[in-house]
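Chemist: Predicted model, plus sequence, below.
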Amino acid sequence: MAANERRLCAVDPCVEQDHVAAQSDGENTAQYRESLQHQSPVNSILVLLTKCCLEIESNHGVWTDSSSPNGLPLADWNKAQSIEKYTFIFQGVSIDALNGQQKLSHPKVFPGSASPAAVTSPSEANVTENSTGDGKKNSFYVENGAQVNVTVNEDTDVASWRRTRSARSAETWSELRPEGGEGASLSDQEEFELTSSTFALTGDTAHNQAMVHWSGQNSSVILMLTKYYDFNSGKVTESSLWRSTDYGTTYEKFNEKVGPKTILSYLYVSPNNKRKIMLLTDPEVESSLLISLDEGATYQKHSLAFDILSLLFHPEQEDWILAYSHDQKLYVSVEFGRRWQLVHDRVVPNRFYWSRLGLDKEQGMIHLEISVSDGRSQYITCKLQNCSDGNKGKPFPGFIIPNSLVVQDEYVFIQVPVGGQSVHYVSYKRNSFYPMKLPKYTLPKDLQIISTDDNQVVAAIQDWHQNDSYNLYMSESRGLFFTLMLENVVSSGGPEGNIMIDLYEVAGIKGVFLSNKVVENQVKTYITYNKGRDWRLLQAPTTDLQGNKVYCEPPDCSLHLHLHVSENPYTSGNIVSKDSAPGIIIASGVVGPELTSNNVSIFITSDAGNSWREVFQEEYSVFFLNQGGSLVAIRHTPLPIRHIWLSFDEGRNWDKYSFTSSPLYVDGVLGEPGEDTLIMTIFGHFSHRSEWQLVKIDFRSIFQQQCTSEDYMTWQLHNEGEVCIMGMKRIFQKLKANILCVKARNQYISQMSDSCPCTEADFECDYGFERQIDGSCTQAFWFVPSATSRDCITGDSFLNTTGYRRALSNNCTEVMLLKYSPRRQKCPSQAPRGLQLFTSEGTLVATLERNVTFLVFLEEGLGSMTSITVDFGDGTSISYVNISSIDDGVKHIYSKVGIYQVSATATNTLGFDRVILYLHVSCQLEHVQLSAPSVVVKNKAVNLTTVLRPSNVGTVTYYWWFNNKTEVSLTFSFLSHSYHLDRRRTLDLNLICACISDYFRSHVLAFSSTLDELNPGVSEWREDIGRVVKSSMVQVTGINRDQLLVTVLPGLPTTAEIFIVPEKRPRHGSSLLHLIQFTLKPGVQVNVLATQLSPAPLVDSGDSGHSSTAVIMLVSVVLMGLAVFVIYTFKRYSILDVIYCLCIQYKAQENFVKECVEINPQIFRLIIADIYDI
């Protein structure tokens, strides 16, 4: 960390201590980083409270790390001078802050993790009646690791509707001045009192941070660590440890038991045993751990030889912990921190993962990404307490792009540099790595792994033409082949490449997702009930809060919700649902043609999104109580309050309750910690100079009896009346309205299901197929179905796709649906195809006398029956019986410098495929010895001699200085030509085609403008478009396929030229050109028009924007040269009966001659052999 940075909030051993920083110049930002694997489970609670007595402006943002599928908070702070803050860090439960920003929260369980979050109270400038809060500092708490600070006058996306809301609410606040922030619309209701108690943390008035732990596992113990963080010195100078054994009614100060001079900075809890507590001392004073095995009653102190930056607990073993230090070293303890052992150095931050039983070979294995050099990392595995070179594993033999390793469930994801590009690879169940197969012209600028649940990968990809949106893709079980799930999902990015994506998975009901999508520059909210196969708009409420009828019908008008899921991956942001309350979703949003930030209300659904009701027209936080059987609402306001509202009928009616006799500035709310305690804690202060006030609310006086079976009713999940969803009929149980009984933990998951016969709705499009508007799956224009997989042996049979595949999470009953079911076919003959060759480092440069690892991949062709030969270009080669035996790569050492042509050839009984790369082997010059005569004759030539070590370094450039002159003479030891290719340079693709005939016709083709928007500017795309146009021409005109040659020209607008050789029978094909059209993607129809007609090739003389206006001229020159050559050499052949197309394509790693049209193979091969000397 730079010298001018100071740590603002320190949280949890699973996160960096420097995760939030204040800059002394007030201009730079500091980032709190944390990964999915480094979070705590839901039943562990940590709260960090911070007090802010002076006004401070800040920007806000919570971002998702680009290298990980999970979110990381980031806060920008202005100059910190004499700042005190209230900040809450809660871990694993519902919590919120109520100071000017509506925030609904929902915990998500991530095993073996710990994750804190923060909230800031309003400044004194906000504490005025009817205040709108403009220009003031507001912030809200988000659960599990995020602090979001909001500057109203700077954040146009959020603050605009907040200002509008505050202004509108001010009119009602004025009628209720004594109560401050409570609206008049609810003030006339009958008021009930709650059982509550208030405890003040006396003596800690100066403390500005706190952390709270409440395990909730049949335990009444709560631990709270408060501390004073000095922003000027960047140190924690005071701390206090408090412990309660009665759910927070009273607390005992534990400073004497941990040592009166000990300064504590962090509190941690084992995710597998909540009785095991770990306290970390401030590293600025001393580096040690205090360990308790009895829920914080007693402690033992252990010194550390390093400073802990983050911790990762094992998901199953309660005593196993990984600790990451500031100097990028990883340590392990198998004794809950009492002893530590170094695992490895140069470990990339947050790129270390515990093994998973049943997937990895050993339980005590660690997955690591280590830095090898600048811009290069390596993926290794280590045994728990022995990470020597002999015990290291290398699941992927080559180098990977830094910060790309993700180990999640059955999948391991990496990115590999290949030819200057980033290629995404996946390993399923710890098997070999293969490139992820996206739709052919999905050229990702960024790829995020969203989910690996249900044995399926969901990824968000920003395509080459997208800037503020992502496309969602889902895979089959191996995570290898991906199909489109939803296009143009709303996203926003941060200054360091972080990203937020508006996608929300509804808790309690599998397959239900909500997402905000950009449609014609408008943001609309869509819902799916079958995990992305079908999406539809949300139906708006039929009436508003006052009972007035709402006239709103899709697609012109619907309900749109603020999802804000990516603001914090461990909370649902402005939307909340709960596993124990399936079907209930609460969110903030608007009714209209699109999502806006004005006049936002709170909406609720009881049937999983089919129908919605408006419950509040102001900003409220809503919490689940009694295992989801009841709801608690607390209003957001910068003023002190003393009331909350309860609903016992899913938000249809609300009762007003007082929780304190004196109005309280509420800074945060700690809900039930996953248990049926019916206890909630509200944190706040009576004034900005008072101590912490902890108000414990006990709802047990309301729910006085246990629920019985007669207290429940059933409801059936449906999608606009359709009850068969994902192959099942699902019926859930829920409490009847206004039943005040206590739900037991084993009563809320009651669910009945019944399978449905499989229908078209249970199938999704297979790879290479796209869903059309009518619901059918048709072959994509670029897709050529493979005859077989590489594992299909000739003579055996395989299941060939019909364009459909049954959804992985679907449970429908099998029936005979020939249209959708794969068809068993005999494995046809197929030669190797799609052979790839590259170095493990992803470059074309190697060092003399050092191992070079070549990686070989085959896309299609039987791997077990295909032999591989690798020719290293130095006179040596090596062959393998099958490609499966070289998964770890082929190693070779070069003894001489130079440029070598390395080739790989895959061969089976059906054919072969060959690929070439050029490798530059160099050697570093270590020593130069200069020899010159001692005496020379004036004006006579003199020989100067140099001796080089090593002598075989290749090309050497000499710089000479004579007579102390500053001018330099430049010479070479010998003339040669060398070139270097690095990861930042790629070779352009060039295509030269020529055809020979007496005469031919050509047409310049123009396309409808929809094609330009999807033109990625790559040659393969132009080839596929040319193939589609050619097929359409053949279908429409009936011209023989061999008589047509289509060339799509580079550049925009997209144009092409079609060449028609002499016809044996006259046709009227030119008049049919206007009938040619094809489907580029669902909903995008491309029309092809002829713009010019000529008996010879045409030169594009217009200002079309093409970079290749001279292509046709070049073709003409090649035509003449080849014509003379062919006539002279092969006089016995009739040129009128022979047509050739010679294609030369230069790629980044191969240079090969490709045969386009072959009528007489013998002549064609002789021409190529003579021209190219092969």
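Modeler: Cool, the structure landed.
Chemist: Strands of the stretch 851-1000 of the chain, start to end?
Modeler: 851-860, 867-871, 877-880, 890-893, 898-908, 911-922, 927-931, 945-949, 957-960, 969-972, 991-992 (DSSP state E, counting those that start in this stretch).
Chemist: Which elements pack onto the third one?
Modeler: Just to be clear, that refers to strand 877-880. strand 867-871 (3 or more CB pairs under 8 Å, 6 or more residues apart in numbering; DSSP states H and E). From N, CA and C alone the C-beta is placed, and that goes for glycine too.
Chemist: contact partners of whichever helix or strand Leu631 is part of?
Modeler: If you go by DSSP states H and E, Leu631 is part of strand 630-635. If you take CB atoms under 8 Å, 6 or more residues apart in numbering as the criterion, strand 630-635 is touched by 96, 98, 181-183, 586, 616, 618-625, 641, 644-648, 650-651, 654, 666, 669, 671, 680, 682.
Chemist: same thing with stretch 415-430?
Modeler: 359-360, 395-396, 398-401, 404, 410-414, 433-436, 444, 447, 457, 477-480, 838, 841-843, 982-986, 1148-1149.
Chemist: Would you show me how to pick out the buried ones of these in PyMOL?
Modeler: Buried residues within those, by 16 or more other CB atoms under 10 Å, are selected in PyMOL with:
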select buried, resi 360+395+396+398+399+400+401+404+410+411+412+413+414+433+436+444+447+457+478+479+480+838+841+842+843+983+1148+1149
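Chemist: Among the contacts of strand 630-635, which lie within strands?
Modeler: With DSSP state E as the criterion, strands contain 96, 586, 616, 620-625, 644-647, 666, 669, 680, 682 from among those.
Chemist: Pass me the low-pLDDT residue ranges in the stretch 101-250 of the chain, would you?
Modeler: 101-189, 216-217 (pLDDT under 70).
Chemist: quick one on the thing from earlier: please identify the buried residues of the strand holding Leu631?
Modeler: Judged by neighbour count using 16+ other CB under 10 Å, the buried positions of strand 630-635 are 630-635.
Chemist: quick one on the thing from earlier: output the strands of the stretch 851-1000 of the chain in CSV, with distance to Thr528 appended to each entry.
Modeler: Below are the strands of the stretch 851-1000 of the chain laid out as CSV (distance: least, CB to CB, whole Å):
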stretch, distance to Thr528
strand 851-860, 32
strand 867-871, 44
strand 877-880, 46
strand 890-893, 46
strand 898-908, 42
strand 911-922, 41
strand 927-931, 68
strand 945-949, 68
strand 957-960, 63
strand 969-972, 66
strand 991-992, 42
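Chemist: Switch the buried residues of strand 630-635 over to JSON lines, and while doing so, append pLDDT and distance to Ala831 to every line.
Modeler: Conversion of the buried residues of strand 630-635 to JSON lines gives the following (pLDDT from 0 to 100; distance: CB to CB, whole Å):
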{"residue": "Ser630", "pLDDT": "91", "distance to Ala831": "67"}
{"residue": "Leu631", "pLDDT": "92", "distance to Ala831": "65"}
{"residue": "Val632", "pLDDT": "92", "distance to Ala831": "67"}
{"residue": "Ala633", "pLDDT": "91", "distance to Ala831": "68"}
{"residue": "Ile634", "pLDDT": "90", "distance to Ala831": "69"}
{"residue": "Arg635", "pLDDT": "86", "distance to Ala831": "71"}
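Chemist: that older thread, let me have the strands of the stretch 851-1000 of the chain in JSON lines, extended by mean pLDDT.
Modeler: Listed next are the strands of the stretch 851-1000 of the chain as JSON lines, based on pLDDT from 0 to 100:
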{"stretch": "strand 851-860", "mean pLDDT": "83"}
{"stretch": "strand 867-871", "mean pLDDT": "89"}
{"stretch": "strand 877-880", "mean pLDDT": "87"}
{"stretch": "strand 890-893", "mean pLDDT": "90"}
{"stretch": "strand 898-908", "mean pLDDT": "89"}
{"stretch": "strand 911-922", "mean pLDDT": "88"}
{"stretch": "strand 927-931", "mean pLDDT": "76"}
{"stretch": "strand 945-949", "mean pLDDT": "78"}
{"stretch": "strand 957-960", "mean pLDDT": "75"}
{"stretch": "strand 969-972", "mean pLDDT": "57"}
{"stretch": "strand 991-992", "mean pLDDT": "36"}
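Chemist: who's in contact with Ala831?
Modeler: 861, 908, 910-913.
Chemist: and it, helix, strand or coil?
Modeler: coil (DSSP: H, G, I helix; E, B strand; the rest coil).
Chemist: Now do the same for it: its pLDDT.
Modeler: Looking at Ala831, its pLDDT is 76.
Chemist: For the stretch 751-900 of the chain, give me the ranges with low pLDDT.
Modeler: Scanning the stretch 751-900 of the chain for pLDDT under 70 picks out 786-799, 816, 818, 823-829, 861-864, 883-885, 887.
Chemist: ok, and the most crowded of the contacts of Ala831?
Modeler: When neighbours are taken as other CB atoms under 10 Å, the top entry among those is Gly861 (27 neighbours).
Chemist: circling back: let me know the closest of the buried residues of strand 630-635 to Ile604.
Modeler: Nearest to Ile604 out of the buried residues of strand 630-635 is Leu631 (CB to CB; 8.2 Å).
Chemist: Which helix or strand contains Glu1023?
Modeler: helix 1019-1037.
Chemist: which helices and strands does that helix pack with?
Modeler: strand 1044-1049, strand 1055-1060, strand 1077-1081.
Chemist: Just want the angle from that helix to strand 1055-1060.
Modeler: If you take axes from the mean of the first three to the mean of the last three CA atoms, to 10 degrees, helix 1019-1037 sits at 50 degrees to strand 1055-1060.
Chemist: Just the C-alphas of helix 1019-1037, formatted as PDB.
Modeler: Output of helix 1019-1037 as PDB, limited to C-alpha atoms (Å, rounded to 0.1, in the frame of the first residue of the first chain):
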ATOM      1  CA  SER A1019     -12.100 -13.400 -42.100                       C
ATOM      2  CA  GLU A1020     -13.800 -16.600 -40.800                       C
ATOM      3  CA  TRP A1021     -17.000 -14.700 -40.400                       C
ATOM      4  CA  ARG A1022     -16.800 -13.400 -44.000                       C
ATOM      5  CA  GLU A1023     -16.100 -17.000 -45.200                       C
ATOM      6  CA  ASP A1024     -19.300 -18.200 -43.300                       C
ATOM      7  CA  ILE A1025     -21.400 -15.400 -44.700                       C
ATOM      8  CA  GLY A1026     -20.100 -16.100 -48.200                       C
ATOM      9  CA  ARG A1027     -21.000 -19.800 -47.700                       C
ATOM     10  CA  VAL A1028     -24.500 -18.900 -46.600                       C
ATOM     11  CA  VAL A1029     -24.900 -16.400 -49.600                       C
ATOM     12  CA  LYS A1030     -23.700 -19.100 -52.000                       C
ATOM     13  CA  SER A1031     -26.100 -21.700 -50.600                       C
ATOM     14  CA  SER A1032     -29.000 -19.200 -50.900                       C
ATOM     15  CA  MET A1033     -27.900 -18.400 -54.500                       C
ATOM     16  CA  VAL A1034     -27.900 -22.000 -55.400                       C
ATOM     17  CA  GLN A1035     -31.300 -22.600 -53.800                       C
ATOM     18  CA  VAL A1036     -32.900 -19.500 -55.400                       C
ATOM     19  CA  THR A1037     -31.400 -19.600 -58.900                       C
END
